[in-house]
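Peer 1: Next come a sequence and a model predicted from it.
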Amino acid sequence: MTAATATAHPQRRVEHCMGTVFSFDIRSPGVAGEALDDVIAWLHHIDRTFSTYRGDSDISRLRRGEVELRDCAPDVAVVLARCAELTDETDGYFDCRPDGVLDPSGYVKGWAIERASDMLGAAGSVNHSITGGGDVQCTGHAGADRPWVVGIADPLRPRRVIATVSGSELAVATSGTAERGRHITDPHTGVRPEALASVTVVGRRLADVDAYATAAFAMGELANAWLTARDLSALLVDPAGGVVNTGR
Amino acid sequence: MKRIFFAVIGTVLGLVALLSFKTQSAPLPAPAGGLPAAAASNPPSSTPAPATTSGPAPPGRSRSSSASTPASKKFVGTAVQTRYGIVQVAVTVSGTHVAAANFVQLTAFDGRSQQINSEAAPILLQETLTAQSAHIDTVSGATYTSDGYVQSLQSALDQAGIR
(Lines give C-alpha, C1' and ligand atoms only; values in the text may rest on other atoms or scores of the structure.)
Protein backbone atom coordinates (compact mmCIF):
# COMPACT_ATOMS: atom_id res chain seq x y z
CA MET A 1 0.00 0.00 0.00
CA THR A 2 1.92 2.94 -1.25
CA ALA A 3 -0.01 5.54 0.69
CA ALA A 4 1.03 3.90 3.92
CA THR A 5 4.66 3.44 3.03
CA ALA A 6 4.93 7.08 2.07
CA THR A 7 4.32 8.21 5.62
CA ALA A 8 4.56 5.16 7.84
CA HIS A 9 8.25 5.48 8.57
CA PRO A 10 9.38 9.06 8.26
CA GLN A 11 12.94 9.71 9.31
CA ARG A 12 13.06 12.36 11.99
CA ARG A 13 16.05 14.02 13.53
CA VAL A 14 16.35 16.96 15.88
CA GLU A 15 19.74 18.63 16.07
CA HIS A 16 20.93 21.56 18.16
CA CYS A 17 23.14 23.81 16.05
CA MET A 18 23.76 27.54 15.54
CA GLY A 19 22.15 28.30 18.87
CA THR A 20 18.83 26.90 17.80
CA VAL A 21 17.22 23.64 16.80
CA PHE A 22 17.01 21.99 13.40
CA SER A 23 14.23 19.51 12.73
CA PHE A 24 14.62 17.06 9.86
CA ASP A 25 11.58 15.23 8.54
CA ILE A 26 12.32 12.87 5.67
CA ARG A 27 9.44 10.98 4.15
CA SER A 28 9.51 7.97 1.90
CA PRO A 29 11.65 6.89 0.09
CA GLY A 30 14.09 8.30 2.60
CA VAL A 31 17.86 8.28 2.62
CA ALA A 32 20.59 6.28 4.28
CA GLY A 33 21.23 7.37 7.83
CA GLU A 34 24.79 8.23 6.88
CA ALA A 35 23.53 10.78 4.35
CA LEU A 36 21.60 12.59 7.06
CA ASP A 37 24.64 12.37 9.33
CA ASP A 38 26.70 14.04 6.62
CA VAL A 39 24.21 16.88 6.25
CA ILE A 40 24.18 17.48 10.00
CA ALA A 41 27.97 17.40 10.14
CA TRP A 42 28.02 19.98 7.36
CA LEU A 43 25.67 22.25 9.33
CA HIS A 44 28.07 22.14 12.27
CA HIS A 45 30.92 22.90 9.90
CA ILE A 46 29.03 25.96 8.66
CA ASP A 47 28.44 27.02 12.25
CA ARG A 48 32.17 26.76 12.95
CA THR A 49 32.89 28.79 9.83
CA PHE A 50 30.36 31.58 10.28
CA SER A 51 29.64 31.82 13.99
CA THR A 52 30.22 35.22 15.53
CA TYR A 53 30.31 33.50 18.91
CA ARG A 54 33.42 31.51 18.05
CA GLY A 55 36.68 33.38 18.11
CA ASP A 56 38.25 30.95 15.66
CA SER A 57 35.57 31.17 12.97
CA ASP A 58 36.41 32.68 9.62
CA ILE A 59 33.97 35.50 10.29
CA SER A 60 35.61 36.34 13.61
CA ARG A 61 39.03 36.32 12.00
CA LEU A 62 37.80 38.52 9.17
CA ARG A 63 36.39 40.93 11.74
CA ARG A 64 39.74 41.15 13.46
CA GLY A 65 41.53 41.61 10.16
CA GLU A 66 43.61 38.51 10.72
CA VAL A 67 42.69 36.95 7.39
CA GLU A 68 41.55 38.04 3.96
CA LEU A 69 38.46 36.74 2.23
CA ARG A 70 40.61 34.54 -0.01
CA ASP A 71 41.97 32.79 3.09
CA CYS A 72 38.49 31.76 4.22
CA ALA A 73 36.37 28.78 3.31
CA PRO A 74 34.94 29.28 -0.20
CA ASP A 75 31.42 29.50 1.18
CA VAL A 76 32.30 32.71 2.98
CA ALA A 77 32.78 34.62 -0.25
CA VAL A 78 29.57 33.11 -1.66
CA VAL A 79 27.57 34.18 1.37
CA LEU A 80 29.02 37.67 1.63
CA ALA A 81 28.50 38.33 -2.07
CA ARG A 82 24.85 37.38 -1.85
CA CYS A 83 24.44 39.42 1.33
CA ALA A 84 25.72 42.49 -0.51
CA GLU A 85 23.23 41.92 -3.32
CA LEU A 86 20.40 41.49 -0.84
CA THR A 87 21.35 44.73 0.86
CA ASP A 88 20.87 46.47 -2.49
CA GLU A 89 17.65 44.60 -3.27
CA THR A 90 16.13 45.55 0.06
CA ASP A 91 17.06 49.22 0.00
CA GLY A 92 19.51 48.54 2.77
CA TYR A 93 17.01 46.98 5.14
CA PHE A 94 18.81 43.67 5.04
CA ASP A 95 22.25 44.44 6.32
CA CYS A 96 25.03 41.98 7.13
CA ARG A 97 27.11 44.78 8.61
CA PRO A 98 24.86 46.17 11.32
CA ASP A 99 26.69 48.94 13.13
CA GLY A 100 29.51 48.46 10.66
CA VAL A 101 30.49 45.06 12.04
CA LEU A 102 30.43 42.06 9.74
CA ASP A 103 27.65 39.67 10.80
CA PRO A 104 26.06 37.52 8.09
CA SER A 105 24.16 35.42 10.68
CA GLY A 106 20.86 36.72 9.37
CA TYR A 107 21.53 35.02 6.06
CA VAL A 108 23.55 31.97 6.99
CA LYS A 109 20.86 29.92 8.70
CA GLY A 110 18.34 30.14 5.87
CA TRP A 111 21.03 29.59 3.29
CA ALA A 112 22.36 26.58 5.19
CA ILE A 113 18.91 25.04 5.43
CA GLU A 114 18.36 25.52 1.70
CA ARG A 115 21.73 23.92 0.99
CA ALA A 116 21.07 21.09 3.43
CA SER A 117 17.81 20.40 1.63
CA ASP A 118 19.67 20.24 -1.66
CA MET A 119 22.20 17.87 -0.12
CA LEU A 120 19.44 15.54 1.02
CA GLY A 121 18.02 15.71 -2.48
CA ALA A 122 21.37 14.80 -3.98
CA ALA A 123 21.48 11.83 -1.60
CA GLY A 124 18.20 10.58 -3.02
CA SER A 125 15.52 12.14 -0.85
CA VAL A 126 12.60 13.59 -2.77
CA ASN A 127 10.22 14.35 0.10
CA HIS A 128 11.60 16.18 3.10
CA SER A 129 11.34 19.27 5.20
CA ILE A 130 13.99 20.98 7.27
CA THR A 131 13.03 23.54 9.87
CA GLY A 132 15.70 25.52 11.64
CA GLY A 133 14.75 28.03 14.29
CA GLY A 134 11.40 28.57 12.67
CA ASP A 135 12.55 28.81 9.06
CA VAL A 136 11.32 26.07 6.78
CA GLN A 137 12.38 24.50 3.49
CA CYS A 138 10.15 21.75 2.09
CA THR A 139 10.67 19.59 -0.97
CA GLY A 140 8.33 17.12 -2.58
CA HIS A 141 5.28 15.98 -0.68
CA ALA A 142 4.38 15.16 2.90
CA GLY A 143 2.46 12.11 1.82
CA ALA A 144 0.65 10.54 -1.06
CA ASP A 145 -1.33 13.32 -2.74
CA ARG A 146 -0.66 15.64 0.16
CA PRO A 147 1.58 18.69 0.05
CA TRP A 148 3.58 19.93 3.00
CA VAL A 149 1.53 21.99 5.42
CA VAL A 150 3.45 24.62 7.32
CA GLY A 151 1.83 26.33 10.27
CA ILE A 152 2.73 29.95 10.88
CA ALA A 153 3.20 30.66 14.54
CA ASP A 154 0.98 33.30 16.08
CA PRO A 155 3.47 35.91 17.31
CA LEU A 156 1.12 36.99 20.06
CA ARG A 157 0.02 33.61 21.36
CA PRO A 158 2.69 31.04 22.02
CA ARG A 159 2.12 27.56 20.67
CA ARG A 160 -0.69 28.69 18.44
CA VAL A 161 -0.86 28.84 14.69
CA ILE A 162 -2.33 31.90 13.01
CA ALA A 163 -2.36 30.53 9.47
CA THR A 164 -1.09 27.69 7.39
CA VAL A 165 0.57 27.57 4.02
CA SER A 166 0.96 24.51 1.88
CA GLY A 167 2.98 23.57 -1.12
CA SER A 168 5.56 21.27 -2.55
CA GLU A 169 8.68 23.31 -3.21
CA LEU A 170 8.05 25.61 -0.32
CA ALA A 171 10.18 27.95 1.75
CA VAL A 172 8.70 29.81 4.71
CA ALA A 173 10.58 32.28 6.88
CA THR A 174 9.31 34.39 9.74
CA SER A 175 10.94 37.37 11.40
CA GLY A 176 9.48 38.98 14.44
CA THR A 177 9.83 40.51 17.82
CA ALA A 178 10.57 37.10 19.28
CA GLU A 179 13.64 36.75 17.12
CA ARG A 180 16.71 35.82 19.09
CA GLY A 181 20.24 36.99 18.93
CA ARG A 182 20.35 39.25 15.96
CA HIS A 183 18.18 42.08 17.17
CA ILE A 184 16.67 43.49 14.06
CA THR A 185 16.85 47.24 13.77
CA ASP A 186 16.02 49.60 10.99
CA PRO A 187 19.52 50.14 9.58
CA HIS A 188 18.55 53.63 8.49
CA THR A 189 17.51 54.80 11.93
CA GLY A 190 19.01 52.27 14.31
CA VAL A 191 15.59 51.93 15.88
CA ARG A 192 13.99 48.61 16.64
CA PRO A 193 10.89 48.36 14.44
CA GLU A 194 7.60 48.18 16.29
CA ALA A 195 5.05 48.39 13.51
CA LEU A 196 4.85 44.62 13.09
CA ALA A 197 4.80 41.66 15.43
CA SER A 198 5.98 39.34 12.71
CA VAL A 199 6.47 38.99 8.99
CA THR A 200 6.29 35.66 7.21
CA VAL A 201 7.50 35.41 3.63
CA VAL A 202 6.76 32.42 1.43
CA GLY A 203 8.62 31.33 -1.66
CA ARG A 204 10.47 28.41 -3.10
CA ARG A 205 14.03 28.85 -1.84
CA LEU A 206 14.71 29.71 1.75
CA ALA A 207 17.92 31.72 1.63
CA ASP A 208 16.41 34.73 -0.12
CA VAL A 209 13.00 34.28 1.47
CA ASP A 210 14.60 34.47 4.91
CA ALA A 211 16.47 37.64 4.02
CA TYR A 212 13.30 39.23 2.65
CA ALA A 213 11.44 38.41 5.85
CA THR A 214 14.20 40.01 7.90
CA ALA A 215 14.22 43.09 5.69
CA ALA A 216 10.43 43.41 5.68
CA PHE A 217 10.29 43.24 9.45
CA ALA A 218 12.84 46.03 9.67
CA MET A 219 10.78 48.06 7.19
CA GLY A 220 7.80 48.07 9.52
CA GLU A 221 5.01 50.10 8.00
CA LEU A 222 6.77 50.13 4.64
CA ALA A 223 6.88 46.35 4.42
CA ASN A 224 3.47 45.81 2.87
CA ALA A 225 4.14 48.10 -0.08
CA TRP A 226 7.63 46.71 -0.63
CA LEU A 227 6.49 43.10 -0.53
CA THR A 228 3.56 43.85 -2.80
CA ALA A 229 5.76 45.65 -5.32
CA ARG A 230 8.00 42.60 -5.49
CA ASP A 231 5.02 40.25 -5.75
CA LEU A 232 6.17 38.37 -2.68
CA SER A 233 3.71 36.23 -0.76
CA ALA A 234 3.76 37.35 2.82
CA LEU A 235 1.75 37.40 6.00
CA LEU A 236 2.12 40.43 8.23
CA VAL A 237 0.86 40.48 11.80
CA ASP A 238 0.71 43.76 13.66
CA PRO A 239 1.08 44.06 17.43
CA ALA A 240 -2.70 44.20 17.88
CA GLY A 241 -3.11 40.92 16.02
CA GLY A 242 -4.25 42.42 12.74
CA VAL A 243 -3.29 40.33 9.76
CA VAL A 244 -2.51 41.31 6.19
CA ASN A 245 -1.38 39.03 3.44
CA THR A 246 0.22 40.03 0.18
CA GLY A 247 0.65 38.35 -3.15
CA ARG A 248 -0.55 34.92 -4.01
CA MET B 1 4.18 25.63 -11.13
CA LYS B 2 3.38 24.26 -7.75
CA ARG B 3 0.67 25.90 -5.77
CA ILE B 4 1.73 28.16 -2.98
CA PHE B 5 -0.95 29.94 -1.07
CA PHE B 6 -1.76 31.15 2.37
CA ALA B 7 -4.71 29.61 4.06
CA VAL B 8 -5.73 33.07 5.07
CA ILE B 9 -9.22 34.38 4.79
CA GLY B 10 -9.15 37.89 3.46
CA THR B 11 -12.85 38.24 3.86
CA VAL B 12 -15.25 36.20 5.78
CA LEU B 13 -17.01 35.22 2.62
CA GLY B 14 -14.37 32.66 1.92
CA LEU B 15 -14.67 31.36 5.40
CA VAL B 16 -18.40 31.13 5.18
CA ALA B 17 -18.27 29.47 1.83
CA LEU B 18 -15.80 26.99 3.15
CA LEU B 19 -17.89 26.14 6.13
CA SER B 20 -20.95 25.78 4.02
CA PHE B 21 -19.02 23.20 2.08
CA LYS B 22 -18.72 21.26 5.26
CA THR B 23 -22.36 21.30 6.10
CA GLN B 24 -22.84 17.92 4.61
CA SER B 25 -21.88 16.90 8.07
CA ALA B 26 -24.66 16.96 10.58
CA PRO B 27 -24.87 20.24 12.50
CA LEU B 28 -24.69 19.89 16.23
CA PRO B 29 -27.63 21.06 18.27
CA ALA B 30 -26.94 24.70 18.98
CA PRO B 31 -29.15 27.65 19.81
CA ALA B 32 -27.56 29.85 17.18
CA GLY B 33 -28.94 29.88 13.69
CA GLY B 34 -27.27 28.21 10.77
CA LEU B 35 -24.52 30.53 9.74
CA PRO B 36 -23.07 28.56 6.88
CA ALA B 37 -26.08 28.21 4.65
CA ALA B 38 -27.72 31.48 5.56
CA ALA B 39 -24.60 33.57 5.26
CA ALA B 40 -23.47 31.98 2.06
CA SER B 41 -26.63 33.09 0.37
CA ASN B 42 -26.77 36.38 2.23
CA PRO B 43 -23.23 37.59 2.72
CA PRO B 44 -22.37 40.00 5.51
CA SER B 45 -21.62 42.80 3.07
CA SER B 46 -25.28 42.93 2.20
CA THR B 47 -26.29 43.30 5.80
CA PRO B 48 -27.68 46.78 6.31
CA ALA B 49 -26.09 48.76 9.08
CA PRO B 50 -28.67 48.68 11.81
CA ALA B 51 -30.18 52.07 12.46
CA THR B 52 -31.49 50.85 15.75
CA THR B 53 -30.53 47.95 17.87
CA SER B 54 -34.05 46.62 17.52
CA GLY B 55 -33.72 46.25 13.80
CA PRO B 56 -34.68 42.86 12.52
CA ALA B 57 -31.91 40.35 12.58
CA PRO B 58 -31.59 38.25 9.49
CA PRO B 59 -33.31 34.96 9.93
CA GLY B 60 -31.19 32.20 11.22
CA ARG B 61 -28.74 34.45 12.98
CA SER B 62 -28.28 35.45 16.54
CA ARG B 63 -27.06 38.85 17.53
CA SER B 64 -24.62 39.46 20.29
CA SER B 65 -25.74 41.67 23.11
CA SER B 66 -22.16 42.78 23.61
CA ALA B 67 -21.64 44.58 20.32
CA SER B 68 -18.84 47.07 20.81
CA THR B 69 -20.38 49.84 18.72
CA PRO B 70 -23.95 50.56 17.72
CA ALA B 71 -23.22 49.55 14.13
CA SER B 72 -21.39 46.41 15.13
CA LYS B 73 -23.22 43.12 15.08
CA LYS B 74 -21.97 39.71 15.93
CA PHE B 75 -23.31 36.58 14.36
CA VAL B 76 -22.65 33.20 15.81
CA GLY B 77 -22.76 30.26 13.50
CA THR B 78 -24.02 26.82 14.23
CA ALA B 79 -21.50 24.44 15.64
CA VAL B 80 -20.79 22.01 12.87
CA GLN B 81 -19.46 18.54 13.34
CA THR B 82 -17.04 17.90 10.53
CA ARG B 83 -14.86 14.91 10.15
CA TYR B 84 -12.03 17.17 11.26
CA GLY B 85 -13.62 18.33 14.45
CA ILE B 86 -16.23 20.72 15.74
CA VAL B 87 -16.16 24.14 14.14
CA GLN B 88 -18.17 27.15 15.22
CA VAL B 89 -17.48 30.64 13.99
CA ALA B 90 -18.60 34.08 15.08
CA VAL B 91 -18.53 36.99 12.67
CA THR B 92 -18.61 40.61 13.74
CA VAL B 93 -19.98 43.00 11.15
CA SER B 94 -19.44 46.73 11.47
CA GLY B 95 -21.61 48.57 9.01
CA THR B 96 -20.95 46.69 5.81
CA HIS B 97 -17.47 45.58 6.81
CA VAL B 98 -16.44 42.40 8.48
CA ALA B 99 -14.66 43.56 11.59
CA ALA B 100 -13.67 40.19 12.95
CA ALA B 101 -14.13 36.50 12.51
CA ASN B 102 -13.51 34.41 15.56
CA PHE B 103 -13.76 30.81 16.40
CA VAL B 104 -16.25 30.05 19.10
CA GLN B 105 -15.23 26.45 18.94
CA LEU B 106 -12.51 24.74 17.05
CA THR B 107 -11.92 21.50 18.79
CA ALA B 108 -8.90 19.37 18.24
CA PHE B 109 -8.88 17.35 15.11
CA ASP B 110 -6.43 14.81 16.36
CA GLY B 111 -3.64 14.47 18.84
CA ARG B 112 -1.11 16.29 16.71
CA SER B 113 -3.08 19.45 16.30
CA GLN B 114 -4.30 20.01 19.83
CA GLN B 115 -2.45 23.31 19.94
CA ILE B 116 -4.20 24.65 16.89
CA ASN B 117 -7.32 25.58 18.79
CA SER B 118 -7.82 29.28 19.02
CA GLU B 119 -10.88 31.14 20.08
CA ALA B 120 -9.49 34.43 18.89
CA ALA B 121 -7.61 33.78 15.69
CA PRO B 122 -9.31 35.64 12.86
CA ILE B 123 -7.92 33.10 10.50
CA LEU B 124 -9.41 29.84 9.54
CA LEU B 125 -7.03 27.00 9.17
CA GLN B 126 -8.45 26.49 5.75
CA GLU B 127 -5.92 24.04 4.54
CA THR B 128 -6.35 22.00 7.66
CA LEU B 129 -10.02 21.77 6.98
CA THR B 130 -9.79 21.11 3.29
CA ALA B 131 -6.77 18.84 3.13
CA GLN B 132 -7.07 15.12 3.25
CA SER B 133 -5.34 15.16 6.57
CA ALA B 134 -5.49 17.57 9.45
CA HIS B 135 -1.75 17.42 9.89
CA ILE B 136 0.48 20.40 10.17
CA ASP B 137 3.92 19.16 9.30
CA THR B 138 6.10 21.91 10.67
CA VAL B 139 5.93 25.46 11.95
CA SER B 140 7.46 28.72 10.88
CA GLY B 141 7.92 31.32 13.58
CA ALA B 142 10.30 33.98 14.70
CA THR B 143 13.52 32.34 15.69
CA TYR B 144 13.61 30.75 19.05
CA THR B 145 16.56 29.67 21.11
CA SER B 146 17.30 26.08 22.01
CA ASP B 147 15.58 26.76 25.33
CA GLY B 148 12.58 28.32 23.67
CA TYR B 149 12.28 25.39 21.35
CA VAL B 150 11.34 23.15 24.24
CA GLN B 151 8.13 25.10 24.69
CA SER B 152 7.43 25.48 21.02
CA LEU B 153 4.81 24.00 18.82
CA GLN B 154 7.59 22.70 16.61
CA SER B 155 8.87 20.72 19.55
CA ALA B 156 5.44 19.20 20.02
CA LEU B 157 5.33 18.24 16.36
CA ASP B 158 8.78 16.72 16.52
CA GLN B 159 7.85 14.69 19.55
CA ALA B 160 4.69 13.52 17.87
CA GLY B 161 6.72 12.35 14.91
CA ILE B 162 9.61 10.81 16.77
CA ARG B 163 7.85 8.89 19.49
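Peer 2: Right, received. Where do you want to start?
Peer 1: give me the low-pLDDT residue ranges for chain A?
Peer 2: A:1-9, A:158-159, A:178-183, A:247-248 (pLDDT under 70).
Peer 1: Now with 50, please.
Peer 2: A:1-8, A:181-182 (pLDDT under 50).
Peer 1: what's the closest non-adjacent residue to the residue in chain A positioned nearest to chain B?
Peer 2: Relative to chain B, the nearest point of chain A is residue A:153 (2.9 Å; Cβ to the nearest Cβ). For every residue, glycine as well, the C-beta is placed using N, CA and C. Nearest residue to residue A:153, sequence neighbours excluded (Cβ to Cβ, 6 or more residues apart in numbering or on different chains): residue B:141, at 2.9 Å.
Peer 1: How many neighbouring residues does that neighbour have?
Peer 2: With neighbours defined by other Cβ atoms under 10 Å in any protein chain shown, the count for residue B:141 comes to 32.
Peer 1: close enough to count as contact, it and residue A:150?
Peer 2: No - Residue B:141 lies out of contact with residue A:150 (Cβ atoms under 8 Å); the separation is 10.3 Å.
Peer 1: Spatially nearest residue to residue A:156, not counting backbone neighbours?
Peer 2: Going by Cβ to Cβ, 6+ apart, residue A:156 has residue A:241 as its nearest residue, at 5.5 Å.
Peer 1: Over to residue A:110?
Peer 2: Nearest non-adjacent residue to residue A:110 (Cβ to Cβ, 6+ apart): residue A:210, at 2.9 Å.
Peer 1: neighbours of the one you found, just the number please.
Peer 2: For residue A:210, the count of nearby residues is 34 (other Cβ under 10 Å).
Peer 1: does the residue nearest in space to the middle of chain A sit in a helix, a strand or a coil?
Peer 2: For chain A, the residue sitting closest to the mean C-alpha position, by Cα atoms, centre = their mean, is residue A:110 at 3.0 Å. In three-state terms, and counting by DSSP: H, G, I helix; E, B strand; the rest coil, residue A:110 is helix.
Peer 1: Could you do the one 4 residues further on as well?
Peer 2: Three-state secondary structure (criterion: three-state DSSP) places residue A:114 in helix.
Peer 1: and it, how far is that from residue A:82?
Peer 2: According to Cβ to Cβ, to the nearest Å, residue A:114 and residue A:82 sit 11 Å apart.
Peer 1: do residue A:18 as well
Peer 2: 18 Å.
Peer 1: okay, the two: which has more neighbours?
Peer 2: Shown here are residue A:18 and residue A:82; by other Cβ under 10 Å, residue A:18 has more neighbours (24 against 18).
Peer 1: In contact with the more buried one, which residues?
Peer 2: Neighbouring residues of residue A:18 by Cβ atoms under 8 Å, 6 or more residues apart in numbering or on different chains: A:43, A:46-47, A:51, A:108-109, A:112, A:132-133.
Peer 1: can you rerun that using 7 Å?
Peer 2: Residue A:18 makes contacts with A:47, A:109, as judged by Cβ atoms under 7 Å, 6 or more residues apart in numbering or on different chains.
Peer 1: What does the pLDDT read for whichever residue of chain B sits closest to chain A?
Peer 2: Using Cβ to the nearest Cβ, the closest approach of chain B to chain A is made by residue B:141 at 2.9 Å. For residue B:141, the model assigns a pLDDT of 80.
Peer 1: quick one: it and residue A:133 touch, right?
Peer 2: No - taking contacts as Cβ atoms under 7 Å, residue B:141 lies outside contact range of residue A:133: 8.7 Å.
Peer 1: can you count the residues close to residue A:68?
Peer 2: By other Cβ under 10 Å, 9 other residues sit near residue A:68.
Peer 1: meant to ask about residue A:120
Peer 2: Close neighbours of residue A:120, defined as other Cβ under 10 Å, add up to 26.
Peer 1: Point me to the helix or strand that includes it.
Peer 2: Assessed by DSSP states H and E, residue A:120 sits inside helix A:105-122.
Peer 1: Need the contact partners of that helix.
Peer 2: Helix A:105-122 has contacts (Cβ under 7 Å, 6+ apart) with A:18, A:26, A:31, A:35, A:39, A:42-43, A:46, A:50, A:52, A:79, A:82-83, A:86, A:96, A:128, A:130, A:132-133, A:135, A:137, A:139, A:173, A:181-182, A:205-207, A:209-211, A:214.
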